[in-house]
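Visitor: Okay, predicted coordinates and the sequence, questions at the end:
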Amino acid sequence: MTQKEQKWLVLLFALNELGGGGQRSRVLQHINDCAYWHKNDQNDTLCRTRNEMVWRNDFSFERQHLVAHGYMKTGGQGNWEITETGKRQLSALVEQAKHEAGGENLCYTAVFFQKLFPVQKTWIELEEDQLLIAALSLSENTAAIASSPVRSGPRPVGMLSSRSLNGPVYARAPKEARAALARAGNLCEVDPAHQSFLRRDGRTMYMEPHHLIPMALTDYFGVDLDREQNIISLCSNCHNQIHYGAKADVKRLIARLFLAREQEISAILGRSICVEELYQIYKVC
Ligand SMILES: [Zn+2]
Ligand SMILES: [Zn+2]
């Protein structure tokens, strides 16, 4: 998507979320508070001429184009409102964003990308994770396999799961997870002292694979996220905690795990990512 299309998408989406519109300041504040755009009040440089953040000016500028196209109403007094045509355009842009692999030119955030999908997709992603855990446990070959040399650059996105009804869901490959667990010595990466139990083979400690950058963001980053560099070995307790735990605890877990993987993860993404972005992705800001 072009940057202009992305701005339109974010602005129309925000208006729709606010029930059709609102005062200019309220709309921009909503985009800022929800962290929908990479530039925001915290990281943008001050635009000297109008004594306002550049990103805010950019959206005001696009607003004029949206009005010209009939996607937003003309009304004055700083009231920004979406039109019926605008709502149709929004649906078209949402579909485009869902199905276009993102990558480097994205200015809307991962949090925004997650908003585009219905809750059902989140459930399917969680089910896929459970299927992976089951696949590792039911397979005869649970023993740690010798890890082949790890390719570190980005790789094209993988195979779609058969259950991609509400948007693309990617299949998880047991061999990537197995390699990741083996690499951690089948110990919990939060703390190797965490207790687990022996698998059926009587030799390997049971651990669960967790994709630090969620697989649901595959199309956002435009690369395969099912890579052993992105998979963390966790005991059942830590795994459940990272998905369902209290915000402060999850934040602590992520910070710790991410610190150890930052470079490898940036390498497979083909771009750098910071821990704050991960906090947003996990909704623990
Ligand atoms: Zn997980
Ligand atoms: Zn643990």
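Guide: Yep, it's here. Ligands and ions are numbered 1, 2, ... in the order given.
Visitor: Leu234 pairs with what?
Guide: In this entry, Leu234 is beta-bridged to Glu208, by DSSP bridges.
Visitor: Quick one: residues contacting it.
Guide: Neighbour list for Leu234: Cys188, Glu189, Val190, Met207, Glu208, Pro209, His210, Ile242 [criterion: C-beta atoms under 8 Å, 6 or more residues apart in numbering]. Every C-beta, even on glycine, is put in place using the N, C-alpha and C of the backbone.
Visitor: Buried residues, the helix or strand hosting the last one. List them.
Guide: Secondary structure assignment for Ile242, by DSSP states H and E: helix 236-244. In terms of neighbour count (16 or more other C-beta atoms under 10 Å), helix 236-244 has its buried residues at Cys238, His239, Gln241, Ile242.
Visitor: Can you tell me which of those residues is nearest ligand 2?
Guide: Comparing the buried residues of helix 236-244 against ligand 2 with C-beta to the ion places Cys238 closest, at 3.2 Å.
Visitor: nearest spatial neighbour of that closest one, skipping sequence neighbours?
Guide: Closest residue to Cys238 apart from its sequence neighbours, by C-beta to C-beta, 6 or more residues apart in numbering: Val190 at 4.6 Å.
Visitor: That neighbour: how many residues sit nearby?
Guide: Val190 has 20 neighbours, counted by other C-beta atoms under 10 Å.
Visitor: I figured Glu5 was touching Leu90, is that so?
Guide: No: between Glu5 and Leu90 there is no contact, the gap being 11.4 Å when judged by C-beta atoms under 8 Å.
Visitor: If you rank the contacts of Leu234 by neighbours, which is first?
Guide: Met207 (28 neighbours).
Visitor: Identify the residues contacting it.
Guide: If a contact means C-beta under 8 Å, 6+ apart, then Met207 has Leu181, Ala184, Asn186, Leu187, Cys188, Ser196, Ser233, Leu234, Cys235 as its contacts.
Visitor: Kindly identify which of the residues you listed also come near ligand 2.
Guide: Restricting the contacts of Met207 to those near ligand 2 by C-beta under 5 Å from the ion leaves Cys188, Cys235.
Visitor: In this protein, where is pLDDT below threshold?
Guide: The chain contains residues with pLDDT under 70 at 48-50, 140-151, 164, 166.
Visitor: domain ranges for it?
Guide: Using automatic domain parsing, the domains assigned to the chain come out as 3-115, 119-281.
Visitor: name the element His210 belongs to?
Guide: Going by DSSP H and E, His210 is part of strand 208-211.
Visitor: what distance separates the helix or strand just after that strand from the middle of the whole chain?
Guide: Downstream of strand 208-211, the next assigned helix or strand under DSSP H and E is helix 218-221. Helix 218-221 sits 7 Å away from the centroid of its parent chain (C-alpha atoms, centre = their mean, to the nearest Å).
Visitor: what's around Ile82, how many residues?
Guide: The burial count for Ile82: 23, using other C-beta under 10 Å.
Visitor: That one contacts Gly22, doesn't it?
Guide: No: contact between Ile82 and Gly22 fails when scored by C-beta under 8 Å: they sit 10.4 Å apart.
Visitor: picking that back up, is whichever helix or strand comes after the helix holding Ile242 up against ligand 2 anywhere?
Guide: Downstream of helix 236-244, the first helix or strand assigned by DSSP H and E is helix 247-269. No: applying C-beta under 5 Å from the ion, one finds helix 247-269 separated from ligand 2 by no less than 8.9 Å.
Visitor: For helix 247-269, give me every contacting residue.
Guide: The contact list for helix 247-269, computed with C-beta under 8 Å, 6+ apart, reads 152-155, 189-190, 212-213, 221, 223-225, 227, 229-230, 232, 238, 241-242, 245, 272-273, 275, 278-279, 282, 284.
Visitor: Also stretch 71-88?
Guide: Counting by C-beta under 8 Å, 6+ apart, 8, 12, 15-16, 20-25, 27, 63, 66-67, 69-70, 89-90 sit against stretch 71-88.
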